[in-house]
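Engineer: Need a 3D model of the following:
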Amino acid sequence: MRLRIDLAYDGGGFYGWAKQPTLRTVQGEIEAALHKILRVPTDPASPESQAEPLRLVVAGRTDTGVHASHQVCHVDISPSILARAVGHMDVPPTVALTRRMQRLLPSDITIRDITPAPDGFDARFSALERTYVYRIADRASEVDPRTRGFVLHIDDDLDIAAMNEAAAMTIGLHDFGSFATPNPGGTTIREVKTAYWRRIPVRPLIDAAMGERYRTPAVESGLLCFTIVADAFARNMVRSLVNGCVQVGIGKRSLDWFADKMATPLREGSTGPIAPQGLTLEHIQYPPDDQLASRAEAIRAKRTL
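Structural biologist: Next up is the predicted model:
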């Protein structure tokens with residue numbers, strides 16, 4: 001059977017999502033927990049491990065230092081192995097596995113839910129779109145040192161109108177070769193559906209009518225946020241687009257420069273990625289259950305313009 005796993009993580013302590021032999025990664029931590037809870041040997045040469053590899057497939061790989069408030073992955077597992085999670089609990093196996101994972105995993109990973117996946121579900125290929133948000137505290141923001149793990153501090157005045165003009169150029173089907181690195185045999189052609197910069201309004205956390213002597217602000221009040229939604233993203237694409245917009249926003253680069261980068265998909269130094277800590281994967285959208293398989297089949301095809 002296939003299980004869908006919904007989760008979140010603070011990426012600051014990880015070398016990205018993808019499992020690596022000697023580095024701490026999100027995939028590595030979760031797979032290690034699965035092996036321990038379900039008592040499947042981690043030695044890939046063992047017969048049981050070969051029969052039950054417990055290998056995760058993720059909706060979107062995040063880079064080193066990038067966070068996720070909503071990530072989705074799947075794992076294929078036999079019902080008999082899954083049943084090992086139950087133990088003395090009088091609950092369904094997926095509920096038991098969810099509880100045990102929540103207890104065993106480190107505090108920078110949270111399992112939100114584990115459920116049987118519907119027929120045709122593929123965490124990566126069935127997804128319709130992904131939403132990322134990049135958060136910046138600029139000179140107009142009130143910098144809160146508590147947010148340094150997920151907000152980038154830039155001591156500059158940013159021209160939001162110009163940055164939104166640049167962001168608008170990314171909407172539609174484009175080759176983002178100037179702002180992304182393709183996977184081997186892959187492409188940097190993606191369809192961006194939404195892309196914009198917005199200042200988060202200053203909102204109180206506590207109602208002033210309650211009589212407090214001061215107004216406690218919501219933690220994101222005043223931040224400058226870039227929201228981008230696309231069917232998929234190539235490696236470093238979001239952080240590189242953010243960097244390009246910021247260069248326009250501080251006046252270092254022109255809108256004509258950004259337009260030229262969009263028109264000529266050539267990777268070079270001025271369009272590299274900005275720092276990772278400001279970026280969070282916020283949402284994965286899937287189609288109705290009866291369209292999951294057809295979506296996965298269609299998205300596997302290599303795209304062209």
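Engineer: what secondary structure does the nearest residue to residue 257 once chain neighbours are set aside sit in?
Structural biologist: The shortest distance from residue 257 to any residue that is not its chain neighbour, by C-beta to C-beta, 6 or more residues apart in numbering, is 7.6 Å, and that residue is residue 248. C-betas here are computed from N, CA, C, even on glycine. Under DSSP: H, G, I helix; E, B strand; the rest coil, residue 248 falls in the helix class.
Engineer: C-terminal to the helix or strand bottoming out on mean pLDDT in the chain, which secondary structure element comes first?
Structural biologist: Using mean pLDDT, DSSP states H and E, helix 47-51 stands out as the lowest-scoring helix or strand of the chain, at a mean of 85. Using DSSP states H and E, the helix or strand that follows helix 47-51 towards the C-terminus is strand 57-58.
Engineer: helices or strands next to the helix or strand just after that next one in the packing?
Structural biologist: Of the helices and strands lying after strand 57-58 in sequence (DSSP H and E), the nearest is strand 67-76. Using 3 or more C-beta pairs under 8 Å, 6 or more residues apart in numbering; DSSP states H and E, the elements in contact with strand 67-76 are strand 2-9, helix 26-38, strand 57-58, strand 279-285.
Engineer: Give me the contact list for the helix or strand that the last one is followed by.
Structural biologist: What it means is strand 279-285. Per DSSP H and E, strand 279-285 leads on to helix 292-299 as the next helix or strand towards the C-terminus. Under the contact criterion C-beta atoms under 8 Å, 6 or more residues apart in numbering, helix 292-299 has outside partners 118-122, 125-128, 231-232, 286-287.
Engineer: before we move on, back to that, what residues of the least confident helix or strand of the chain count as buried?
Structural biologist: The neighbour-count criterion (16 or more other C-beta atoms under 10 Å) identifies no buried residues in helix 47-51.
Engineer: ok now that helix, how far from the chain's centre?
Structural biologist: Using C-alpha atoms, centre = their mean, to the nearest Å, the distance from the centre of helix 47-51 to the centre of the chain it belongs to is 31 Å.
Engineer: One more: stretch 274-283?
Structural biologist: Counting by C-alpha atoms, centre = their mean, stretch 274-283 is centred 7 Å from the centre of its parent chain.
Engineer: Likewise for stretch 263-280?
Structural biologist: Distance, centroid of stretch 263-280 to centroid of chain: 16 Å (C-alpha atoms, centre = their mean).
Engineer: How about stretch 141-151?
Structural biologist: 20 Å.
Engineer: So what touches that stretch?
Structural biologist: If you take C-beta under 8 Å, 6+ apart as the criterion, stretch 141-151 is touched by 10, 12, 67, 135-137, 153, 217, 219-224, 277-278, 280.
Engineer: mind running it again at 7 Å?
Structural biologist: Surrounding stretch 141-151, the residues in contact under the criterion C-beta atoms under 7 Å, 6 or more residues apart in numbering are 10, 12, 67, 135-137, 153, 219, 222-224, 277-278, 280.
Engineer: what number of residues lie near the residue lying closest to residue 206 once chain neighbours are set aside?
Structural biologist: With C-beta to C-beta, 6+ apart as the measure, residue 216 is the residue that lies nearest to residue 206, at 5.0 Å, once sequence neighbours are left out. Residues lying near residue 216 (other C-beta atoms under 10 Å) number 11.
Engineer: Tell me which stretches of the stretch 101-250 of the chain form strands.
Structural biologist: 109-116, 129-137, 152-153, 172-175, 189-199, 224-230 (DSSP state E, counting those that start in this stretch).
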